[in-house]
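> sharing a model that was predicted from the sequence below.
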Amino acid sequence: MSVTDTGALMLAPRFTQVFDTEQAYVWSSASDEAGNVYLGTGHDGRIFRVNAAGRGSLLYDAAELDVTALVVGRDGALYAGTSPDGKVYRVAQDGKAEVYFDPPDKYIWSLALLGDGALAVGTGDTGRLYRVRAAAAKPEVSLLIDTNETHVISLAVDRQGNLIAGTDPGGLVLRVSPEGKAFALFDSPLREIHALSVAADGSLYALALGDAATGPRPAATGSVTTQAVSAASAGGTVTGTVTTDDGGTTQTVAFGGQQQPQARSRNELQGARSAVFRIMPDGGSDVLWSSQTVTAFSVAAAPQGGSVLVGTSDKGRIYSVTDDGRDTLLLQSSEDQISSFVVRGRDVFVASSNQGKLFRLGGEPVGEGTYESPVRDAKFVATWGRVWWRGRGQVELQTRTGNTERPDMTWSDWSAPYREPAGAGVSSPRARFIQWRAVLRSAPGGDARVEDVSLSYLPRNVAPEVLQIQLLPVGIALQSAVQIQVDPNIEASGLDPSLIGPQVQIPPRRLFQRGAVSLQWQAEDRNGDQLLYSVSYRSVSENTFHLLRENLRDNFFSIDGSALGDGRYVFKVIASDAPENSLGQALTGERLSEPVDVDITPPVVRAAGEPQAGADGRARVRFTVEDSSGRIRRADVSVDSGEWRAVFPEDGIADGPRETYALDLPLSGPGEHTISLRAIDGSGNVSSARIVVRR
């Protein structure tokens, strides 16, 4: 199957194995006019020839470990560069070989045939570029340019016969004249220009690798094809959109409404593992493709023009990227890495590593392809509705369900095919998990294609749960803050308001109200249903609850304690998911609060006995304070309407329903003096009394 950057599924092009080298790696490839394809391998340093009929054989076994570069000369001989302690061999058609060029450089990374028949040789660790005109040429005579780079990794010859070189670690694309003058066509922000390919229109494709991808070859990273899903929190529709983690720009919403990270532009190269650039004949350049997760390893201009083929070292994938940056995952091979391409006319051959094989990439699609979606979790056992899709051609869908995260023998069999794109009822049994499978078949007159798949479901309704009830101190009332109003048309349309924008819930305001009783609670619904609440109460001595308020949308409630009367009460909060469920299907959950004392009667303050004024200018008075339904919390005294000062009862702590206060207070002078005592109980009720003392 192929996957476009918009998530559409199509039949992949035919990809057939031509020859198996039985070697681990194919590092280089080339072809000649007779239709032979040559493969340079590692780590046994062998060269294989595969003829036009697909029969392959060993052509030459070099002394070095790796054959890292191949090119066919004008004379039909094959030139092979080896590493390490690199040499360039000339291999005749009968397999006889001789050392053609032996520079002091450690690696021979790249070869190219110049217009005059000379051989261009790119090396490392010295970053030199040689032009070799004859066998056994001296390196110092053949040196074309020392690039001041560590490696000349890739070489190509453009339509005008100019030599193009890609370097490491500067990431430069150089145009080198016959006189050895280098002109920088492009300076990549990535460190290595790993491969070059010239297009028919004269533009140049350059594959660059970043620091994370330029470790010991072959580089390998993990990469997966995923499928993102959006779904209503309860019921609704699961919508499948196939995407890949190649740094593409498709944006989706994950199952359960969680938003994926913001899509990344292909021009954002910070942290990129690899990127493909297109350098136009006028010198301009574009980023066609880049990825922070995928390491590309090879490129080739597509035969049809207007696009480039990109092979990866991640699961052996081949992408097709158009000149305007639209990418399609053409196929995923059976091998780990796509090492190189050989384009000969309209034919495309693909060399792989792990294992080292040669494949032919056809222009026609396969006859049939199958795609299995990831397993989808409805969170609860669900009733399945209809499945429908958009696409064209011969497409069939099937479903299977189960109650384990991974399909196993306990899952249902695949259903009978659904063939109607407009929709058909899902025949798979009720279960928590579901998976769908698309089967595409080629047919005359049109290609098969699936653009998206939708599946409706209704999960089992689960009762809401009231997790906690918090009782605030008596006297604190809660008042609704001004909330941002939600357009009623949104809910009427069935959309989740959070899809329009974040709904900020402002907590209620707290304010003082004598005798107020307030409670707040937390509740959840595992189906994500909207909840309504009712609040009831009863005295601890009663068995029947009395309704205070119903159909509350807020998760708090306040009541004037005087409406209840003095006593000890328990509150009950009931949560209902009725707004999201049909009649008769709603469920409820409830919770009881801790008992709370309601006291609206103020304490009684009385003067006890006659006040006494002594000759020392001090007054001695006594007060008694009683509270019939609570406990005394504190008392304050004021002399002659002065500042209130805290006083303590005779037993030292104000904590009982009856307290006595014996006060010894200074008086400012002769005459009448007023002494007031203010008492406050545990519910904030206040009462006071006054007496007059004469001195």
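Yep, it's here.
> let me know the pLDDT of residue 580.
As predicted, residue 580 sits at a pLDDT of 88.
> how near is it to residue 495?
Remark: distance between residue 580 and residue 495 (CB to CB, to the nearest Å) = 13 Å. (Glycine included, C-beta is placed from N, CA and C.)
> and those two? Which one has more around it.
residue 580 (19 against 13; other CB atoms under 10 Å).
> neighbours of the closest residue to that one other than its chain neighbours, how many?
Distances taken as CB to CB, 6 or more residues apart in numbering put residue 529 closest to residue 580, at 3.7 Å, once the chain neighbours are dropped. Neighbours of residue 529 under the rule other CB under 10 Å: 23.
> for stretch 125-135, list the C-alpha coordinates in CSV.
Taking C-alpha atoms only, stretch 125-135 is exported to CSV below (Å, rounded to 0.1, in the frame of the first residue of the first chain):
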residue,chain,number,x,y,z
ASP,A,125,39.6,11.5,5.3
THR,A,126,41.4,14.3,3.4
GLY,A,127,38.5,15.6,1.3
ARG,A,128,40.4,15.6,-1.9
LEU,A,129,39.0,15.4,-5.4
TYR,A,130,41.0,13.8,-8.2
ARG,A,131,40.7,13.7,-12.0
VAL,A,132,42.3,10.5,-13.3
ARG,A,133,42.9,10.3,-17.0
ALA,A,134,44.9,7.1,-17.2
ALA,A,135,45.7,4.0,-15.3
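> so who does residue 439 touch?
368, 369, 370, 395, 396, 397, 398, 417 (CB atoms under 8 Å, 6 or more residues apart in numbering).
> now it: which helix or strand?
Assessed by DSSP states H and E, residue 439 sits inside strand 431-441.
> number of nearby residues for residue 324?
With other CB under 10 Å as criterion, residue 324 counts 10.
> now it: phi and psi?
phi -100, psi 20 (degrees, to the nearest 10).
> what's the pLDDT at it?
pLDDT recorded at residue 324 is 94.
> next one: residue 109
98.
> how far does the strand holding residue 439 sit from the chain's center?
23 Å (CA atoms, centre = their mean, to the nearest Å).
> mean confidence for it?
For strand 431-441, mean pLDDT is 97.
> tell me which residues of that strand are tucked away?
431, 432, 433, 434, 435, 436, 437, 438, 439, 440 (16 or more other CB atoms under 10 Å).
> ditto for stretch 445-460
448, 449, 450, 451, 452, 453, 454, 455, 456, 457, 458, 459.
> from these, pick the one nearest residue 625.
residue 459 (60.3 Å; CB to CB).
> ok, back up a step: buried ones among the contacts of residue 439?
For these, a neighbour count by 16+ other CB under 10 Å gives the buried set as 369, 395, 397, 398.
> among those residues, which ones are in strands?
369, 395, 397, 398 (DSSP state E).
> about what we covered before: ok, of the contacts of residue 439, which one's closest to residue 585?
residue 397 (29.3 Å).
> and the closest one, how far is that from residue 1?
Taking CB to CB, one finds residue 397 at 14 Å from residue 1.
> any residues in contact with both of the two?
Overlap between the contact sets of residue 397 and residue 1, as judged by CB under 8 Å, 6+ apart, is nil.
> can I get the buried ones among the contacts of residue 439 in CSV with distance to residue 304 and pLDDT?
Listed next are those as CSV, based on distance: CB to CB, whole Å; pLDDT from 0 to 100:
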residue, distance to residue 304, pLDDT
369, 21, 95
395, 26, 96
397, 31, 97
398, 34, 97
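> hey, where'd the helices end up in this structure?
For the chain, the helices defined by DSSP state H cover 139-142, 488-493.
> most neighbours per residue, which of the ones you listed?
Comparing the helices of the chain by mean neighbour count (mean count of other CB atoms under 10 Å), helix 139-142 ranks first with a mean of 14.
> phi, psi for residue 585 please.
phi -110, psi -10.
> and the closest residue to it other than its chain neighbours, what is it in contact with?
With CB to CB, 6+ apart as the criterion, residue 585 has its nearest non-adjacent residue at 6.0 Å, and that residue is residue 461. Taking CB under 8 Å, 6+ apart, we find residue 461 in contact with 234, 527, 529, 577, 581, 585, 586, 587.
> I'd like to know which of the residues you listed are buried.
Members of the contacts of residue 461 classed as buried by 16+ other CB under 10 Å are 234, 527, 529, 577, 581, 586, 587.
> nearest to residue 82, of those residues?
residue 234 (64.9 Å).
> pLDDT value on residue 612, please?
88.
> just the contacts of residue 439 now: which is nearest residue 474?
residue 397 (62.5 Å).
> so the residue nearest to residue 580 sits right up against residue 579, yeah?
Yes: counting by CB atoms under 8 Å, residue 579 is a contact partner of residue 529 at 7.0 Å.
> re the thing from before, out of the buried residues of strand 431-441, who's nearest residue 600?
Distances from residue 600 to the buried residues of strand 431-441, taken by CB to CB, are shortest for residue 432, at 52.6 Å.
> shouldn't the closest one be in contact with residue 383?
No: assessed by CB under 8 Å, residue 432 is found out of contact with residue 383, at 11.5 Å.
> ok, which stretches of the stretch 201-350 of the chain are strands?
Using DSSP state E, counting those that start in this stretch, the strands of the stretch 201-350 of the chain run over residues 204-209, 225-230, 237-244, 274-279, 285-291, 296-301, 307-312, 317-322, 327-332, 337-344, 347-353.
> mean pLDDT for those strands: which is lowest?
strand 225-230 (a mean of 29).
> point out where the stretch 351-500 of the chain drops to low pLDDT.
For the stretch 351-500 of the chain, the stretches with pLDDT under 70 are 483-486, 491-492, 494, 496-499.
> which residue ranges of it form strands?
356-365, 368-372, 376-392, 394-402, 424-425, 431-441, 449-459, 465-471, 476-479.
> the first one packs against which elements?
In terms of contacts (3 or more CB pairs under 8 Å, 6 or more residues apart in numbering; DSSP states H and E), strand 356-365 is packed against strand 13-23, strand 25-31, strand 37-42, strand 347-353.
> residues in contact with that strand: which ones?
Outside of strand 356-365, the residues within contact range by CB under 8 Å, 6+ apart are 10-26, 29, 37, 39, 41, 50, 56, 309, 318, 330, 333, 335, 339, 346-352, 442, 447.
> mind doing that once more with 7 Å?
In this structure, residues lying in contact with strand 356-365 by CB atoms under 7 Å, 6 or more residues apart in numbering are 11-21, 23-26, 37, 39, 41, 50, 333, 335, 346, 348-352, 442, 447.
> buried subset of these, written for PyMOL?
Typed into PyMOL, the next command selects the buried ones out of the contacts of strand 356-365 (criterion: 16+ other CB under 10 Å):
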select buried, resi 11+12+13+15+18+19+21+23+25+26+37+39+41+50+333+335+348+349+350+351+352+442
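> who's sitting farthest from the centroid in the protein?
Most distant residue from the mean C-alpha position of the chain: residue 615, 86.0 Å away (CA atoms, centre = their mean).
> and that one, how far is that from residue 621?
In terms of CB to CB, residue 615 sits 16 Å off from residue 621.
> just residue 459 next, same as before
73 Å.
> tell me who's in contact with residue 64.
45, 82, 83, 84, 85, 86, 87.
> rerun at 10 Å
Residues near residue 64 by CB atoms under 10 Å, 6 or more residues apart in numbering: 42-45, 80-87, 89, 107-108.
> could you do residue 438 as well?
Here residue 438 is in contact with 1, 9, 240, 242, 369-373, 389, 391, 395-398, 448, 450, 453 (criterion: CB under 10 Å, 6+ apart).
> now it. Nearest residue, chain neighbours left out?
Per CB to CB, 6+ apart, closest to residue 438 is residue 371, 4.8 Å.
> isn't that neighbour right up against residue 449?
No: applying CB atoms under 10 Å, one finds residue 371 not in contact with residue 449, separated by 11.7 Å.
> in CSV, list the helices and strands packed on strand 356-365 along with distance to residue 647.
Shown next, in CSV, are the helices and strands packed on strand 356-365 (distance: least, CB to CB, whole Å):
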stretch, distance to residue 647
strand 13-23, 95
strand 25-31, 94
strand 37-42, 96
strand 347-353, 92
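> residue 212 is nearest to which of those?
strand 347-353 (19.3 Å).
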